[in-house]
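Peer 1: The sequence and its predicted three-dimensional model are supplied below.
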Amino acid sequence: MNATKTATKIDTAERQAWMGLLARAPAPRLAGLMRAVARPGFTWLRRPEVGGVMVRGRTGGTGAPFNLGEMTVTRCALRLDTGEVGHAHVQGRDKTHAEAAALVDAMMTGPDASAVRAAVLDPLAGAEQAARLARAARAEATKVAFFTMVRGED
């Protein structure tokens, strides 16, 4: 392992997007997609550990912040044998979900990023978009169209 290896330059917003996608992904779906990708060797920087975080909200969505409650999360960090580092924070207590997310995060900063995107991230994004559209269609089906009848003038 070359500790002085420089990482591929990654756009912060792009990385936030794929890390959010990995965190929201159903763990079984992510595990299934990971089977299509060669699993690289790695060492733990921080083994998966379960903890809690305070979830904050805002009054009316934009007003004064308040503490909504606590949420259980699992976090971990790892370094691939090739030097790339990956991190993950996922909701709940699923350590394998956190490990898979951290592996994908690390692989997305390496030379195989396009293959990982095609095999893992694109299918997850497509499934998430399809679920969002289906939810919107169900909501649209319950929409009530109100109208006012205008009486004729005499």
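Peer 2: Okay, I see it.
Peer 1: residues contacting V37?
Peer 2: M107, A115, V116, A119, V120 (C-beta atoms under 8 Å, 6 or more residues apart in numbering). (Glycine included, C-beta is placed from N, CA and C.)
Peer 1: rerun that using 7 Å as the cut-off
Peer 2: V116, A119, V120 (C-beta atoms under 7 Å, 6 or more residues apart in numbering).
Peer 1: And A98, by the same measure?
Peer 2: By C-beta under 7 Å, 6+ apart, A98 lies in contact with P48, T74, R75, C76, A88, V90.
Peer 1: So which bits of the helix or strand containing it are buried?
Peer 2: With secondary structure defined by DSSP states H and E, A98 is part of helix 95-107. Buried residues in helix 95-107, counted by 16 or more other C-beta atoms under 10 Å: K95, H97, A98, E99, A100, A101, A102, L103, V104, D105, A106, M107.
Peer 1: Please state the mean pLDDT value computed over that helix.
Peer 2: Mean pLDDT, helix 95-107: 97.
Peer 1: Could you do stretch 33-46 as well?
Peer 2: 95.
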